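> I need the structure of the sequence given here:
(2 chains)
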Amino acid sequence: MPGPHLDATRMVRRAAQELFPGAVVAIGTGLPCYLPGEFPPGAGAWFLADSGVLGYRGLETDGAAVDAGGNAVALRPGGAFTGVVDVAGILRGGHTDIAILQPSQVAANGDFVHWTTESTQGLFAPGSAVDMAYGASKVVAVMPHTYPQGRKNIVTSCNLPVDGVGRIDIIITDAAVIKVGPAGLELMEIAPGWTTDDIVAITDAPLTISSGVKEMTFNVPTLEPPNKVYATAFEALADVPEGSVINVDGFAGPGGMAHYLMVGLRDVGVKGLQLISNTAGIARMSAFGAPNIIDHSILVENNQVAKATASYPVSPSASRASAFEEAYNRGESKLEVVPQGTLAERLRCGGAGVAAFYTPTGAGTLLAEGKETRTIDGKEYILETGLRADFCIIRGHKADTLGNVVYKGTSRNFNPVMATTAKITVVEVDEIVEPGELGPEEIVTPGLFVDRIVLRPPDFSAYL
Amino acid sequence: MTSVSDNTSRPGKVFPSAQAALDGLTQGASVLIAGFAGCGIPENLLRGLAETDVGDLTLICQGTWIQESGRFGIADLVASGQVRKIISPMPFYPEDGGPVKSHWESGKLELEIVPQGILAERLRAGGAGIGGVFLPTGSGTRFAEGKETRQFDGRDHFFEVALKADFALLRAKSADTLGNLVYEGAGRNWNPTMAMAARVTVVEVDQVYEPGGLDPESVITQAIFIDRLVLTS
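Numbering: from 1, shown residues only, chains lettered A, B, ... in the order given. This next block holds a predicted model:
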């Protein structure tokens, strides 16, 4: 007789071993809902539910927040609320490290079926499983090995409509841990009291027994939150490679601009940068600024800018050219002009994993030249593609040490959307606080988008 | 901070009852309904809709939230025969289908299943004036079948057209009389997206303040998207 089937707690405790410090973990409905409760409140992982809860912990009895399964949950210090469209962007945009799902069936090639059984043929309830399985770097299935009534859930090929093709990486059941590889399924671990023969007997798909097969363990790892706070702007940007695409926030004037990070980037001195920004540095030339205010011009004058993608690239004054305008006129820098709404949408799509979109703005103008057009419901649209960047330098008002950011007034501008589009997002703030000090309803940029935080020194001047 | 009770004279967008706020929602309408797994449901507005004789409705929602004692959900509208079609990522749980399952099985209710991220993105596109988008999700599954396919960055993407509706029924914690909204907890869910995607947006709120009563940094849905407010009872 095989040993007892593992209970939900021990299944999710084993699944917890797949996490690492700082991981963004999307939790699906069903068994995975028990996992966040196994970690202490200060654990360094982001638990995300598609209900719009980010950074939460165990099942509570009451509250204004629910997880993917509709269970009441509570936030961890530094947790925040968001909407489902933003959750979809986090999942599809590649901001998730691990997805934990409860499929009703997994095939030997990693295909899976979510929440559909023979008894509900045609129900097809994907929820967010399609998005979770697509976007996460690793997909973990937590599921009963056989259920209901001895139905074998790990199969050679799915006999129900699938919600993801070849997406499952590891299967954790109430009896075993199975790895999904190019050569099929490999039995890695077995539950106490079970034998490899017991597992083979309840698995429909062929199983290779790993030479290192061992007994499952149920210790939950300690996850220390990674340190994101850097001492100086220079240190936070020291590894920016030559030729990087860099999002630079700001609107027109000095407001919402990461002046301290700009100086850091100038001092790092890296060349060939491609800036994406609303302007290419006009604060000095406009009525908003002053001739000695810090803007993109300090990078241009240091010969660091190869290209700008912007909506207001040049000086509003015909007689006073900006530094970028002069560099452009000398042929040293290239320029791509994008209207502001299109620029914002291209960034939003880049961050949210939307490859391309049809926008009606600009249709029929010079800006549409060379672009695909399409008529939808009698209206002409042009195809625009999502924009992504290597680095992003943004300006917040306050951040907590996990990277959650709040802004002040119109300095919010491009910051929240740019924060979602870069591989490395660096934020400059007036104040750094502990997790839990920013209101979870007020956090605008969730910390999972922010990699590095620097404090703008109190005596730092935005004027040269 | 002044709270406006429902017996004061109606300042602009504040309506005296759910039924009054649903004026113009007619036979065959498409209706967005916010809420997630029972959290943040516009329960009074749904009840108000059930009290009308409007039918043949197409509802777009996350789920239908099975009937619970003392609560009112979309399942009740289905039970009363007012719903022709539901577009949803998870219309009911396999083991707990209720009237949605029985109406679907008997052919009285049509279900269109759309993964949550695709549905959210289609609504966002509709609300933001985008005609359609190319999404990478659903590749190799029934959700990509028959759709225009194009490669970006060496990966298949599928064309999804924007989605809009006649009405949106939302639920917020607080509003000001202009229609600015804040939510509570996971009650935010579909609300901000759906608020942008309907011709007429109706919100059920716990409390209505005078303009200025909400912190401008904390407003999630801006008043320009909101047409009608009604106090939850």
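
> low pLDDT regions in the stretch 251-400 of chain A?
Low-confidence segments of the stretch 251-400 of chain A (pLDDT under 70): A:287-289.

> how about the strands of chain B, start to end?
All strands of chain B, identified by DSSP state E, fall at B:14-15, B:30-33, B:57-60, B:83-88, B:110-113, B:132-135, B:149-152, B:155-161, B:165-176, B:181-182, B:198-209, B:228-231.

> how about the host helix or strand of A:A141 and chain B, touching?
In this structure, A:A141 is located in strand A:138-142 according to DSSP states H and E. No - using C-beta under 8 Å from any C-beta of the partner chain, strand A:138-142 never reaches chain B; the gap is at least 13.4 Å. Where you see a C-beta, it was placed from the backbone N, CA and C, and this is true even at glycine.

> all helices for chain B, in order.
In chain B, helices defined by DSSP state H lie at B:18-21, B:43-50, B:74-79, B:98-105, B:116-128, B:191-196, listed in chain order.

> in CSV, list the ones you listed along with mean pLDDT and distance to A:I443.
What follows is those, written out as CSV (pLDDT from 0 to 100; distance: least, C-beta to C-beta, whole Å):
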stretch, mean pLDDT, distance to A:I443
helix B:18-21, 96, 31
helix B:43-50, 95, 28
helix B:74-79, 92, 30
helix B:98-105, 90, 35
helix B:116-128, 98, 20
helix B:191-196, 98, 15
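
> wait, what's in contact with A:D451?
A:K228, A:G403, A:I424, A:T425, A:V426 (C-beta atoms under 8 Å, 6 or more residues apart in numbering or on different chains).

> tell me which of those residues fall in strands.
A:I424, A:T425, A:V426.

> out of those, who's nearest chain B?
Among the ones in strands among the contacts of A:D451, A:I424 lies closest to chain B (C-beta to the nearest C-beta), at 19.5 Å.

> the closest one contacts A:F391, doesn't it?
Yes - using C-beta atoms under 8 Å, A:I424 is in contact with A:F391, at 5.0 Å.

> more neighbours, those two?
A:F391 (25 against 18; other C-beta atoms under 10 Å in any protein chain shown).

> which residues does that one contact?
A:L237, A:V240, A:S244, A:V245, A:I246, A:N247, A:A422, A:K423, A:I424, A:T425, A:V426.

> which of those residues tops the neighbour count?
When neighbours are taken as other C-beta under 10 Å, the top entry among these is A:N247 (28 neighbours).

> can I take it that that one is in a helix?
No - per DSSP: H, G, I helix; E, B strand; the rest coil, A:N247 lies outside any helix segment and is strand.

> which residues are in contact with it?
A:275-277, A:347, A:389, A:391-394, A:414, A:418, A:421-422.

> rerun at 6 Å
A:I276, A:A389, A:C392, A:M418, A:A422 (C-beta atoms under 6 Å, 6 or more residues apart in numbering or on different chains).

> the third one contacts A:M418, doesn't it?
Read that as A:C392. Yes - using C-beta atoms under 6 Å, A:C392 is in contact with A:M418, at 5.0 Å.

> show the pLDDT at residue 165.
Picking chain A for this. Note for A:V165: predicted pLDDT of 96.

> wrong one, chain B
At B:A165, the model reports a pLDDT of 98.

> neighbours of the residue nearest to it when sequence neighbours are not counted, how many?
Excluding the flanking residues, the one nearest B:A165 by C-beta to C-beta, 6 or more residues apart in numbering or on different chains is B:S30, at 4.1 Å. Burial measure for B:S30: 18 neighbouring residues, criterion other C-beta under 10 Å.

> equivalent analysis for A:G63, please.
17.

> please apply the same query to the one 4 residues further on.
Other residues within reach of A:D67, judged by other C-beta under 10 Å, total 29.

> grab the nearest non-local neighbour of it.
Nearest to A:D67 is A:A49, by C-beta to C-beta, 6+ apart, at 4.2 Å.

> give me the pLDDT for the one you found.
In this prediction A:A49 is given a pLDDT of 96.

> for it, list each beta-bridge partner.
As for beta bridges, A:A49 partners with A:V53 under DSSP bridges.

> next: B:T149.
The partner residues for B:T149, given DSSP bridges, come to B:F158.

> right, and it touches B:D156 too?
Yes - assessed by C-beta under 6 Å, B:T149 is found in contact with B:D156 at 5.4 Å.

> quick revisit: show me what the helix or strand just after the strand holding A:A141 is packed against.
The helix or strand immediately downstream of strand A:138-142 is strand A:154-155, counting by DSSP H and E. Counting contacts by 3 or more C-beta pairs under 6 Å, 6 or more residues apart in numbering or on different chains; DSSP states H and E, strand A:154-155 packs against strand A:103-107.

> pull the residues that contact the helix or strand following the strand it packs on.
For strand A:103-107, the succeeding helix or strand toward the C-terminus, using DSSP H and E, is strand A:112-114. With C-beta under 6 Å, 6+ apart as the test, strand A:112-114 has contacts from A:P103, A:S104, A:Q105, A:V106, A:P126, A:A129, A:C158, A:L160, A:V162, A:D163, A:G164, A:I168.

> out of those residues, which touch chain B?
On the criterion C-beta under 6 Å from any C-beta of the partner chain, A:P126, A:V162 are the entries of the contacts of strand A:112-114 that sit beside chain B.

> tell me the SS of A:F234?
helix.

> assess the claim that it and A:L265 are in contact.
No - between A:F234 and A:L265 there is no contact, the gap being 8.8 Å when judged by C-beta under 6 Å.

> and chain A, what are its domains?
A:8-215, A:229-455 (automatic domain parsing).

> closest one to B:Q116 among these?
Among those, the nearest to B:Q116 by C-beta to C-beta is domain A:8-215 (4.2 Å).

> now the end-to-end length of that closest one.
Its first and final residues considered, domain A:8-215 spans 17 Å by C-alpha to C-alpha, to the nearest Å.

> with stretch B:225-233 instead?
Per C-alpha to C-alpha, stretch B:225-233 runs 23 Å from first to last residue.

> so it, near chain A or not?
No - Stretch B:225-233 stays clear of chain A (C-beta under 6 Å from any C-beta), getting no nearer than 13.2 Å.

> understood, closing this out.
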